[in-house]
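Visitor: fold the following for me, if possible:
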Amino acid sequence: MAGRGERGLAWREWLLKYEDEGLPLLDDCIEVFRKWSWVRGYGGDKWADVAEFTRARAAGEMSDSAFLDRVWTLEHNGGNLFNKFYTRGVKKLPAVLAVQAIDTHDYQKLRQYASPYTCRLLNEAERLGAFGRVKQYNVYA
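Guide: Below is the predicted model:
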C-alpha cells in the first residue's frame, strides 16, 4: 500500500480493488468508517457519509441532478472532499457555492473567483445581453 505522501498511488490501488469487488467494497468502507475508532481527522461519520454517497451513485440509486447538487458540498474531516483531488482554488469553493446557492445570478460576485478565460466568457455574455434574460428551465425537473 502507498506510504505517506503517495495519495495518487493509494487512489489508484483503491480503484483497482473496487474494479474487482464493486459495491461490497463500498459497503465495507461504510461499515469501517462508522464503526472503527479513528484518530482525529481521519475516518468517522463524515467519511462514512462520503462512502454512502459514492455507493448510492455507483448503484444507480441517484439521479444525475441529485449527484451534481450534492457532490460539491461533500465534506470529510479536513474540509471539502475535493481537496483530496486537487489543491488549486479549493479553499474558494465554499464561497463560490454560497453565491451559487442563493441563485441570484450574481455574476459580478462570481467573477472574482473565475479564471481569466471564464472572465472573458462572462464579458462576451454581457456584451450579448445574456444576463438580462429570464431563466427558462428548471434543472431539477
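Visitor: residue contacts, the residue nearest to residue 22 when sequence neighbours are not counted?
Guide: Computed as Cβ to Cβ, 6 or more residues apart in numbering, the closest residue to residue 22 that is not its neighbour in sequence is residue 58, at 7.8 Å. Just so you know, the C-beta spots here come from the backbone N, C-alpha and C atoms, and that holds for glycine as well. Neighbouring residues of residue 58 by Cβ atoms under 8 Å, 6 or more residues apart in numbering: 22, 23, 26.
Visitor: one more: residue 77?
Guide: For residue 77, the contacting residues are 40, 41, 42, 43, 44, 46, 47, by Cβ under 8 Å, 6+ apart.
Visitor: any of these buried? List them.
Guide: 43, 44, 47 (16 or more other Cβ atoms under 10 Å).
Visitor: pLDDT score for the second one?
Guide: The pLDDT attached to residue 44 in the predicted structure is 87.
Visitor: how is the nearest residue to it once chain neighbours are set aside assigned, secondary-structure-wise?
Guide: The spatial neighbour of residue 44 that comes closest, neighbours along the chain excluded (Cβ to Cβ, 6+ apart), is residue 38 at 5.0 Å. For residue 38, the reduced secondary structure class is coil; criterion used: DSSP: H, G, I helix; E, B strand; the rest coil.
Visitor: got the phi/psi numbers for residue 38?
Guide: phi -120, psi 150 (degrees, to the nearest 10).
Visitor: before we move on, back to that, will you turn the contacts of residue 77 into CSV that also has distance to residue 124 and secondary structure?
Guide: As requested, the contacts of residue 77 are exported to CSV (distance: Cβ to Cβ, whole Å; DSSP: H, G, I helix; E, B strand; the rest coil):
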residue, distance to residue 124, secondary structure
40, 48, coil
41, 44, coil
42, 45, coil
43, 46, coil
44, 46, coil
46, 40, helix
47, 42, helix
